[in-house]
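Visitor: predicted structure and sequence below. I'll ask about it afterward.
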Amino acid sequence: MKQTEAERTGMALKAGAERALRAERAPGLRWWLRRRSVVGYAFVAPALAFLLVFAFLPFVFTIYVSLHEWNMLTPVTSMPFRGLENYRYLLLDDPLFRQTFANTVTFAVGNVALSTLLGLMVALALNSRVRFRTFWRAIYFLPYVTSSVAIAIVWANIYNANYGLLNGILEMLGLPPQRFLASVSQAMPSVIAVAVWHSVGYFMILFLAGLQNIPGELYDAAKVDGAGDWQRFRFITLPLLKPTMLFVVVVNTLISLQVFDLVFILTNGGPVNATNTLVLYMYRTAFEFTRMGRATAMAILLFLITFVITLVQLHLLRERR
Amino acid sequence: MGARVSTIGSRLLAGQMSRRSFLKAAAVFGGAAVTGTLAAGCRRQAAAPTKLVVLTHWGAQPQKDVLEPIFKKYQEENPRIQIEHQTVEFGELLNRITTGRLGGVAPDIYHFYNLWLPEFVASDLLQVPPDNVINEIRQSYSQSTVKGVTYRGQIWGFPTEVNSYLLLSNRQLLQEAGVKEPPTTWDELLEVAPKLTKKDASGKATQTGFAFSRGWDSGVVHPFTCLLWSNGGEYVAEDYSRVRFNEPPGVETLELELELIRSGGADLGFAGPGSSGAQDDFLAGRVGMVIMANWYGASLRAGLPGGIENVIVSPVPHSAKGTSTTLQYNWLWGVDKNSKNAEAAWEFLTWLNTPKDSGSSPMGDYLTTGLNAIPARLSDQEAHADLLGDAFVKPFVESLQSSRTEPIIPGAQEIKTSLQKQIEAAWFGEKSAQEALDTAAAEANRILAEKRQQ
């Protein structure tokens, strides 16, 4: 039986379609390249590789070292295994770890509360129609772009108990001179004050951005309804600033828990460990006492503490949204 | 060979080459290339200089200006040696050594603080010097200096600068207070210090008789140790099994410091040399007396009102039951155990520390003229007697005869920091003298026990 021209054409088309389908299903290079996900992975691969090499692997290595005793002079392969001993020592036997943890929390609470509050207040003031608004914004932001080392050196002299500017002002006001950084009780508040002064401009800018995103119509409507300044702030500004507030509090907490340079220059952790913070203690343990195992255990504990605090903050602030 | 190559080349250019001919040609060119490369490599290897990487904390330009021409001179005398001088700040030196080792880029030669010897030796970082170097060190340096570079009975390198602590007094402030001579005993110190303290109408101290260097471990612990030894006390047991600074002589020493504070002779609002985060008040002429090391002389020459002549250097005051004793600490050159150029490194260090025609070694020249320090080598001290004979440096050089080396014990840095914090706790009234020293001793003994187990 002879095939007609039409039948032959139909069979040829069918065979071509089947070949095309097979080619489509076959796991060849073209097939892989056509898949969107592969291309996506290719685009993010450099970033993933960067994270893997500079974040994930060091993190895993930090955990590994924290389970060993290591002074960085012996080869990595010959570190004696200590299990959880470094953690046990820090949590149960090391009073300085507990003190530096308490100091760090004190610093974080003081710095976060004050710089957030002051940042918001300055932002509210500079969001209104004051004269030379841009100039004032720049003035408040200036400390943030100044090196914290330079700031610490200048403030160490301002705080100097004998010839510092602050005691000069107190003297002019008829008030008794203070020891500031040379006093166990005043050193931490003094350091917090410098940290707040340094960072308030940055948080002011963040709050200003948040304030400028609030539609003006809401305030106009509230005014028409007879809402006063406080009511407008309480029921419009504050609720709509919550995403900014969440960001400011979380970021500020993370920065505060890692404070190092300011205390290192201003007080070196003194007097009598009154301003010694976790990161400063970690630095000394690692690079002055060459106890890398213990220092990395501190780093892991600080990471866990930071992680938990951040989760709690996110939970609390989101719940109220 | 040349003719054959040219024949192959012409055939190749003419496109007349068979597959066999092409393979032959490839073999010939390949062979020639490999032979040429090997020959060039051998020539390069034969001519390549030996590079010595030297790590120091002498990075300030005035120091480099004196030290590096010395290195250059050695390279001129030894053309096969190339010296690379790497520098870091003192605070970063230990980090650089550890991270260099870790990253496989360790220098060949280190200049380091002798307190780090226990860690370095325990970690197998240093190479034992050759016998001729050890004999040279034994013969040419004072006994206390040799002890300062010895750990577990082994000498580990060439001693370089040596520092000791003495009492520095501001001559002008003493005169203003009607004090003729600096105090030599503890009783005199307690009597003189309050006389040098001045207060303004509001009761704020504008000048203090004595200043402590708070916030700096060596600045707190070294003067304390001098006073402790000058009271007949001991820092650590001879076998390094436990510390002894919390015994009665230690408590009496800390009580002396507390009495200075209580009597108004020492005001903690003032900062001694090297105190963290504050201006140096002795240098500013606001402090009557401090116990400080000779390296401080360079700052005093540069900045003290009235110049270095305004400073009286005298022995550390002693108690009724002790004699004035000072603490000395050393720096030394050592060679990395993994250095591939160890032999060249020791040759270079021997040259650097051997006296030349002037009677001084190049190192002695550098330490005296570039660093304003005291060279540890006795012949260098003699050769530079003029420089070391001025009123400021001479007492320090003389004190070396009776000085004691800072105890080189495992975990020394950690123990020192712990003791510093506890002494400061007593200064600030947080703890009694006995309580503070007992706390520091418990921590120190724990560290010593831990290090023994490692």
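Guide: Sure thing, it's come through.
Visitor: what about the residue in the stretch 1-150 of chain A positioned nearest to chain B, how many residues nearby?
Guide: Across the stretch 1-150 of chain A, no residue is closer to chain B than residue A:73, which sits at 3.4 Å (Cβ to the nearest Cβ). Bear in mind the C-beta positions are built from the backbone N, C-alpha and C, glycine included. When neighbours are defined as other Cβ atoms under 10 Å in any protein chain shown, residue A:73 has 20 of them.
Visitor: A helix includes it, no?
Guide: No - going by DSSP: H, G, I helix; E, B strand; the rest coil, the assignment for residue A:73 is coil, not a helix.
Visitor: phi, psi for it please.
Guide: When read as degrees, to the nearest 10, the backbone of residue A:73 gives phi -100, psi -30.
Visitor: my read: it touches residue B:119, true?
Guide: Yes - using Cβ atoms under 8 Å, residue A:73 is in contact with residue B:119, at 6.6 Å.
Visitor: who touches both of those two?
Guide: Counting by Cβ atoms under 8 Å, 6 or more residues apart in numbering or on different chains, the contacts common to residue A:73 and residue B:119 are A:290, B:125.
Visitor: mind listing the strands for the chain?
Guide: Unless you meant another one, I'm taking chain A. Remark: strands of chain A are absent; assignment by DSSP state E.
Visitor: the chain in question should be chain B.
Guide: According to DSSP E, the strands that chain B contains are B:50-56, B:81-87, B:109-113, B:150-151, B:154-155, B:158-170, B:198-199, B:205-210, B:287-293, B:311-314, B:327-335, B:374-375, B:404-405.
Visitor: what ranges do the helices span in the stretch 51-200 of chain B?
Guide: B:61-77, B:90-102, B:117-122, B:131-140, B:143-148, B:171-176, B:186-196 (DSSP state H, counting those that start in this stretch).
Visitor: could you do the stretch 151-300 of chain A as well?
Guide: Under DSSP H, counting those that start in this stretch, the stretch 151-300 of chain A gives helices at A:165-172, A:187-212, A:216-224, A:229-232, A:238-240, A:242-257, A:261-266, A:278-283, A:292-319.
Visitor: so which of those helices comes closest to chain B?
Guide: Across those, closest to chain B is helix A:261-266 (Cβ to the nearest Cβ), at 4.9 Å.
Visitor: what is the closest one packed up against?
Guide: The contact analysis (3 or more Cβ pairs under 8 Å, 6 or more residues apart in numbering or on different chains; DSSP states H and E) places helix A:261-266 against helix A:148-158, helix A:187-212, helix A:278-283.
Visitor: can I get that helix in PDB? Just the C-alpha atoms.
Guide: Output of helix A:261-266 as PDB, limited to C-alpha atoms (Å, rounded to 0.1, in the frame of the first residue of the first chain):
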ATOM      1  CA  ASP A 261      36.800  51.200  69.700                       C
ATOM      2  CA  LEU A 262      35.200  53.800  71.900                       C
ATOM      3  CA  VAL A 263      36.000  51.900  75.200                       C
ATOM      4  CA  PHE A 264      39.400  50.800  73.900                       C
ATOM      5  CA  ILE A 265      40.500  54.400  73.400                       C
ATOM      6  CA  LEU A 266      38.600  56.200  76.100                       C
END
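Visitor: check contacts around residue B:286.
Guide: A:162, B:206-208, B:270.
Visitor: ok, so of those residues, who is nearest residue B:58?
Guide: residue B:270 (30.3 Å; Cβ to Cβ).
Visitor: rewinding a little: so which of the helices of the stretch 51-200 of chain B gets nearest chain A?
Guide: Closest among those, using Cβ to the nearest Cβ: helix B:90-102, at 3.9 Å.
Visitor: and that closest one with strand B:109-113, angle?
Guide: Counting by axes from the mean of the first three to the mean of the last three Cα atoms, to 10 degrees, helix B:90-102 points 140 degrees away from the direction of strand B:109-113.
Visitor: how about helix B:90-102 and chain A, any contact?
Guide: Yes - Helix B:90-102 reaches chain A (Cβ under 8 Å from any Cβ of the partner chain) through B:94-95, B:97-99, B:101-102.
Visitor: can you put the residues you listed in TSV and add pLDDT, neighbour count and distance to residue B:343?
Guide: Below are the residues of helix B:90-102 next to chain A laid out as TSV (pLDDT from 0 to 100; neighbours: other Cβ atoms under 10 Å in any protein chain shown; distance: Cβ to Cβ, whole Å):
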residue	pLDDT	neighbour count	distance to residue B:343
B:94	90	24	27
B:95	87	17	28
B:97	91	25	21
B:98	87	22	25
B:99	86	14	26
B:101	82	22	20
B:102	80	16	25
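Visitor: quick one: which of the helices of the stretch 51-200 of chain B has the weakest pLDDT on average?
Guide: Here the lowest mean pLDDT among the helices of the stretch 51-200 of chain B goes to helix B:90-102, at a mean of 87.
Visitor: packing partners of that helix?
Guide: Using 3+ Cβ pairs under 8 Å, 6+ apart, helix B:90-102 sits against strand B:50-56, strand B:109-113.
Visitor: how about stretch B:440-449 and chain A, touching?
Guide: No - Stretch B:440-449 is not in contact with chain A by Cβ under 8 Å from any Cβ; minimum separation 8.6 Å.
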